[in-house]
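# heads up, no residue letters with this:
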């Protein structure tokens, strides 16, 4: 196997495109250990009369017999306009985008690199090539602007070592290939201060945001099996698409002419659901639903003499059940999101909303969606976490959602340290991203200074927009004792309290955040919502210790709101800071991060630890999403994939679900 720098096995490798990732993987798989592969090299040189100039190349390869081969990689389909002399990349939607001439790009970098090597007195042959991993060489016609010998397409990628050695031999006379091995000098240059790995946060957010929207098509396949069951609980970790699935079910049953009610836990989520579902479905918070029957969930009437907690647990369900029973309001379909926030004795009243049907072929339908680790309101008490087996009106087995489409693998691993419950259903997050960051501060003034630095970095240096960031507070953000008390802005960026109703456009019901301001919300009020970048605050200012079940759930909810990046502000040298740092140490940064999204997303790799060709095999997976780091696979799938398996074989796979069982599918041997 080739020597790779950087190496995905030990560090994070950032690729601008899936084409670069594919070329990198082919080098790793096909080339022997005499090849050294350097990914994403930036050459900075001060040239006479031209000042400082930077050029970047995708790959530089070194071999002691062939010298250096410089390679520019372009993804997608390719189009060339000979009249204008322009190259275009065609995406999957058949849209064309003008790109730089890859042949000129690689030639320019090679020429400048040769000058640099001469300055360093390094004598080594250098040739160049352009790689189009998704294009057949025969599709590119010969002309004066394109040299066919320099092109690596689909066919040549399949025999990469032969292709590269042939390219070097054709590019140089034999006498130039008789050079002294300068591998150590080349390595010191290519790994030295003149080269760096790219990191474009703006590009990453843009491309991965589009990729997340593609996941909707995956969830659509679940509608038919779920809709075939009249009573079902759907369990999934944060980010597995519970709310998205509930929205799709609401639209599906609306299309069948059913009367549908969807219940959610908070106003922000409810506003979002109304916007997404549209007319024809009743969408209410649990509080709004009770209010429709003149029952106020959080305020007992004057004739109730018990304590507040007694009203919540016992008074509300009793009076709500009575009020619903006396009304004519009924629904064919009831969808309950965030079911872990519903007090146990409320369910009897809620179920009264369903129409009693004698027709067994067309029964009323009842679906509840929950995550046992998001019960921030407890389960019948403030100090106990939510235990679905004890309180839900629908008994297991529940329908499992195991693919995490929201959070990155790094955020997911970090947040799992704070999940509660003995029987946690783990999801599989395959999208690589950035490691969460802890922002430590000494006092209020230092917190403000640190936040100004973060805002300047995100908004001015990285090109992030203010509406892509949400500050989540573990307590009322602007109340006495909060770290945000009396704070109106960080530098040039004002704060807006999302918990206050937003102004609505007179023509549209859609709510909008004031331009240039950063949204601030309590964690509870943001349940079910998501944000590209989350900044979690008031963890130190919250009185509950981090190991309290309710506080763990609260923090878990906060972390899993972030789709792409997560920052946590905490007081320096505090117990909570040490606990957070310990959890963060468990998160490693290795593997490929592809800015435009990767075909390898949601794939995992495991080693075969047991294999019975007559029954089943087991893989040991280096990911905490798999219970005991193991997952089963079936010999029939090996036969379909035409692969030979034995103990020790490395297999790449995608997790699949059949009932409550997760198994490995789409098997490929890693060579």
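Looks like it arrived, so ask away. No experiment lies behind these values; they were computed from the predicted model shown. Numbering: from 1, shown residues only.
# And stretch 392-400, end to end?
15 Å (CA to CA, to the nearest Å).
# any idea how far that stretch is from the chain center?
The chain centre lies 27 Å from the centre of stretch 392-400; the measure is CA atoms, centre = their mean, to the nearest Å.
# and the one helix or strand residue 104 maps to, what does it pack onto?
Using DSSP states H and E, residue 104 sits within helix 102-119. Packing contacts for helix 102-119, counted by 3 or more CB pairs under 8 Å, 6 or more residues apart in numbering; DSSP states H and E, involve strand 36-47, strand 51-63, strand 67-73, strand 126-131. C-beta: built from backbone N, CA, C; applies to glycine.
# closest one to residue 481 among the ones you listed?
Nearest to residue 481 among the helices and strands packed on helix 102-119 is strand 36-47; the distance by CB to CB comes to 47.2 Å.
# Quick check: buried residues in stretch 296-310?
297, 300, 304 (16 or more other CB atoms under 10 Å).
# repeat for stretch 658-668
For stretch 658-668, a neighbour-count test (16+ other CB under 10 Å) marks 662-665, 667 as buried.
# Ok, stretch 134-154 next?
Quick answer for stretch 134-154 (16+ other CB under 10 Å): 134-135, 140, 146, 150-153.
# I'd like the distance from residue 98 to residue 80, if you could.
11 Å (CB to CB, to the nearest Å).
# what residues do these two have in common as contacts?
86-88 (CB atoms under 8 Å, 6 or more residues apart in numbering).
# Next, count neighbours for residue 19.
By the criterion of other CB atoms under 10 Å, residue 19 has 22 neighbours.
# cool, and residue 101?
If you count neighbours by other CB under 10 Å, residue 101 ends up with 17.
# Please pull out the lowest mean pLDDT helix or strand from the protein.
Taking mean pLDDT, DSSP states H and E as the measure, the chain has helix 216-220 as its least confident helix or strand, at a mean of 57.
# Please list all residues in contact with residue 529.
By CB under 8 Å, 6+ apart, the neighbours of residue 529 are 268-269, 272, 521, 561.
# Kindly apply the preceding question to residue 535 instead.
So residue 535 contacts 439, 451, 454, 469-472, 567-569 (CB under 8 Å, 6+ apart).
# So which of those are in strands?
Counted as lying in strands by DSSP state E, out of these, are 439, 469-472, 567-569.
# Quick one: end-to-end distance for stretch 401-412.
With CA to CA as the measure, stretch 401-412 spans 15 Å from end to end.
# Enumerate the positions of that stretch that are buried.
Buried residues in stretch 401-412, counted by 16+ other CB under 10 Å: 401-412.
# Now the two most distant members of those residues.
Of all pairs in the buried residues of stretch 401-412, the most separated under CB to CB is 401 and 410 at 20.5 Å.
# possible to save the contacts of residue 535 as CSV with pLDDT and distance to residue 633?
Listed next are the contacts of residue 535 as CSV, based on pLDDT from 0 to 100; distance: CB to CB, whole Å:
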residue, pLDDT, distance to residue 633
439, 98, 42
451, 98, 48
454, 96, 44
469, 97, 41
470, 98, 40
471, 98, 44
472, 98, 39
567, 98, 38
568, 98, 37
569, 98, 43
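# Can I get these in TSV including distance to residue 483 and neighbour count?
Rendered in TSV, the data for those read as follows (distance: CB to CB, whole Å; neighbours: other CB atoms under 10 Å):
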residue	distance to residue 483	neighbour count
439	11	18
451	9	26
454	14	19
469	17	22
470	16	23
471	10	26
472	12	31
567	14	20
568	12	24
569	7	25
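# Please identify which of those residues is nearest to residue 169.
With CB to CB as the yardstick, the closest approach to residue 169 among these comes from residue 567, at 52.1 Å.
# What distance do you get for that closest one to residue 469?
The spacing between residue 567 and residue 469, counted by CB to CB, is 9 Å.
# Could you do residue 602 as well?
Applying CB to CB to residue 602 and residue 469 gives a distance of 26 Å.
# One more: residue 580?
From residue 580 to residue 469 the distance is 20 Å (CB to CB).
# Ok, residue 558 next?
14 Å.
# what is in contact with those two at once?
Each of residue 534 lies in contact with both residue 558 and residue 469 under the rule CB under 8 Å, 6+ apart.
# domain assignment for this protein?
3-198, 216-404, 437-594, 604-669 (automatic domain parsing).
# And those: which comes nearest residue 208?
domain 437-594 (6.3 Å).
# quick one, what contacts residue 350?
Counting by CB under 8 Å, 6+ apart, residue 350 touches 263, 289, 334, 336, 342.
# And residue 437, by the same measure?
566-568.
# export these to a markdown table and tack on distance to residue 191?
Below are those laid out as a markdown table (distance: CB to CB, whole Å):
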| residue | distance to residue 191 |
| --- | --- |
| 566 | 30 |
| 567 | 30 |
| 568 | 33 |
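# Mind picking the one among those that's closest to residue 497?
Here the nearest of the contacts of residue 437 to residue 497, counting by CB to CB, is residue 567; it sits at 19.4 Å.
# and the gap between that closest one and residue 454?
Distance from residue 567 to residue 454, by CB to CB: 7 Å.
# what do you get for residue 99?
Between residue 99 and residue 454 the computed distance is 34 Å (CB to CB).
# Got phi/psi on residue 493?
The phi and psi torsions at residue 493 (degrees, to the nearest 10) take the values phi -120, psi 110.
# Could you find the closest non-adjacent residue to it?
Nearest residue to residue 493, sequence neighbours excluded (CB to CB, 6 or more residues apart in numbering): residue 455, at 5.0 Å.
# One more: residue 432?
That would be residue 593: by CB to CB, 6+ apart, it lies 4.5 Å from residue 432.
# Secondary structure element holding the one you found?
strand 591-594.
# outside of that strand, which residues touch it?
8, 12-18, 20-21, 24, 204, 409, 432-434, 598, 600-601.
# Okay, and which of the residues you listed map to helices?
18, 20-21, 24, 204, 409 (DSSP state H).
# tell me the two of those that are most distant?
For these, the maximum inter-member distance is 19.6 Å, found between 20 and 409 (CB to CB).
# Wait, residue 269 touches residue 288, no?
No: Residue 269 is beyond contact range of residue 288, at 11.7 Å (criterion: CB atoms under 8 Å).
# joint contacts of residue 567 and residue 469?
Common contacts of residue 567 and residue 469, defined by CB under 8 Å, 6+ apart, comprise 533-535.
# With distance to residue 428 and secondary structure added, can I get the residues you listed in TSV?
Shown next, in TSV, are the shared contacts of residue 567 and residue 469 (distance: CB to CB, whole Å; DSSP: H, G, I helix; E, B strand; the rest coil):
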residue	distance to residue 428	secondary structure
533	23	strand
534	21	strand
535	26	strand
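# I'm done for today, thanks for sticking with me.
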